[in-house]
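Novice: Sequence unavailable; structure follows:
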């Protein structure tokens with residue numbers, strides 16, 4: 001079943017990663033593991049964020065997709 005997962009990113013650490021030039025590598029590493037069907041970056045609830053479409057067999061798979069975003073980007 002397809003699910004839409006929405007993330008918003010606080011200003012930090014995202015800005016630091018952009019300034020360092022490491023944001024692309026971090027996103028690429030995470031996405032190479034998660035392999036979402038669709039990934040869109042843009043404004044989410046007035047902040048930076050993204051929408052990810054993934055195919056999951058069960059809700060128990062949510063941490064697989066959410067935890068990397070929480071840990072690396074401190075996403076909501």
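Specialist: Cool, the structure landed. Values in this document were obtained by computation on a predicted structure and should not be read as measured data. Numbering: from 1, shown residues only.

Novice: if I pick residue 42, what's in contact with it?
Specialist: Residue 42 makes contact with 49, 50, according to C-beta atoms under 8 Å, 6 or more residues apart in numbering. Glycine gets a C-beta too; all of them are placed from N, C-alpha and C.

Novice: Mind pulling up the pLDDT for it?
Specialist: Listed pLDDT for residue 42 reads 95.

Novice: Check which element follows the helix or strand it falls within along the chain.
Specialist: Secondary structure from DSSP states H and E places residue 42 in strand 38-44. Using DSSP H and E, the helix or strand that follows strand 38-44 in sequence is strand 47-55.

Novice: what pLDDT does residue 8 get?
Specialist: 96.

Novice: re the thing from before, what pairs with the strand holding residue 42, parallel or antiparallel?
Specialist: Strand 38-44 has its sheet partners listed here by DSSP bridges as strand 47-55 (antiparallel).

Novice: so after the partner strand, what's the next helix or strand?
Specialist: Strand 47-55 is succeeded, C-terminally, by helix 62-73 (DSSP H and E).
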